[in-house]
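Peer 1: Compute the structure for the input listed below.
(chains A, B, C and D)
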Protein chains: 2
Amino acid sequence: MPKKKPSPKRRSGCPLNASVEMLGDRWSLLILRDMMLRGFRYYKEFLESYEGIATNILADRLRKLEDYGIIATKRDPSDGRKLIYSLTAKGIDLAPVLTEMVLWAAAHEETRNPALVREIQKDKEKFVAAARQRWAENAIRSKANSTLP
Amino acid sequence: MPKKKPSPKRRSGCPLNASVEMLGDRWSLLILRDMMLRGFRYYKEFLESYEGIATNILADRLRKLEDYGIIATKRDPSDGRKLIYSLTAKGIDLAPVLTEMVLWAAAHEETRNPALVREIQKDKEKFVAAARQRWAENAIRSKANSTLP
DNA sequence: AGAACTTACTTGTGAAATGCAAGTGAAATG
DNA sequence: CATTTCACTTGCATTTCACAAGTAAGTTCT
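Peer 2: Take a look at the predicted model:
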């Protein structure tokens, strides 16, 4: 079921290298955080997210994430200008990576959002499961909406 | 005990953003992989690692990782030309991040090193514990060596 | 229907990061 | 003491990035 790409021109076959080639930049994981944790779906929401990504970079990253099969795109049925960006199964599977990165930074750096951190620390598995649950529900709703007359 | 930097000029206080600002590039995590999993300690080893990092980039990344407190540097007592790079506690704490990234890529991409992947899949916690164990033993040995007459 | 506005981009330009080749100085080796 | 090894640095071409401005398609207002 999960599509695996032969993926041309990779520097090495190491799985960590594959991850780094897809996600190793200063924006991709933040976009995925916004989708996963904040429920962002529209271009404009990402553009206005706190860290301030440039519009050309955002367009480029969304295109690459879609090429990698991490996110999917479709027209908003209720507003033809908008595109709805959503996580694929491959995308939501990054939840454990994001949570570990949050835990690591929280342990070793001075950061904000202690509520999020404490929730993850309390029960990591539960946090990931909840993220998956929200994603699954959203996928169902989204499917229902797309089949409206 | 863990030093937390006030860290000037960060784009946001989000812990994920902190991680991404330190590790979000195409090389840093590969260097850490080589230290953690392959036991690399010398500049030349990293230079000759499979993915082929350029020497100026390597020097830059090692300097930054040291600035962030993720790795530490000392002279090799048995050869004054060499520097020994080693993981700090903050560095070895990235083991869970690396393992999750390996698992994700292994699940969704075509990669090599199935032995490593299977070992991690078999028991994630155990794999991380073993990495920590190796690190702790190495730290003891290293300390002993540095106090030789 | 037409003007004004939104949305999701693209394009242009300068600055910064990257990749490659060559060079340097300190320390070890023969 | 000449040569080699090691950990870099320097110079330069290429790529990526950030910022500002513009554009086409679709929607809302009147």
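
Peer 1: Spatially central residue in chain A, please.
Peer 2: A:L32 (2.3 Å; C-alpha atoms, centre = their mean).

Peer 1: Next up, the contacts around it.
Peer 2: A:65, A:70-71, A:87, A:91, A:94, A:98 (C-beta atoms under 8 Å, 6 or more residues apart in numbering or on different chains). The C-beta positions use only the backbone N, C-alpha and C, and glycine is treated the same way.

Peer 1: let's see 10 Å
Peer 2: A:23, A:40, A:61, A:65, A:70-71, A:87, A:91-92, A:94-95, A:97-98, B:16 (C-beta atoms under 10 Å, 6 or more residues apart in numbering or on different chains).

Peer 1: before we move on, what about A:R112?
Peer 2: A:106, B:12-15, B:17-18.

Peer 1: try 8 Å
Peer 2: So A:R112 contacts B:12-15 (C-beta under 8 Å, 6+ apart).

Peer 1: cool, A:A139 as well?
Peer 2: With C-beta under 8 Å, 6+ apart, A:A139 has these contacts: A:S86.

Peer 1: wait, is it part of a strand?
Peer 2: No - counting by DSSP: H, G, I helix; E, B strand; the rest coil, A:A139 is not found in a strand; it is helix.

Peer 1: Let me know the distance separating it from B:H108.
Peer 2: 17 Å (C-beta to C-beta, to the nearest Å).

Peer 1: that older thread, can you select the buried ones among the contacts of A:R112 for me in PyMOL?
Peer 2: In PyMOL, this line selects whichever of the contacts of A:R112 come out buried by 16 or more other C-beta atoms under 10 Å in any protein chain shown:
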select buried, chain B and resi 12+14+15
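
Peer 1: Closest one of the contacts of A:R112 to B:P77?
Peer 2: Taking C-beta to C-beta as the measure, B:P77 lies nearest B:P15 of the contacts of A:R112, at 37.7 Å.

Peer 1: residues contacting the closest one?
Peer 2: Taking C-beta under 8 Å, 6+ apart as the test, what B:P15 contacts is A:101-106, A:109, A:111-113, A:116-117.

Peer 1: Which strands and helices lie in contact with the helix or strand that contains A:G80?
Peer 2: Per DSSP states H and E, A:G80 falls inside strand A:79-87. With contacts defined as 3 or more C-beta pairs under 8 Å, 6 or more residues apart in numbering or on different chains; DSSP states H and E, the packing partners of strand A:79-87 are helix A:28-38, helix A:43-47, strand A:71-76, helix A:124-146.
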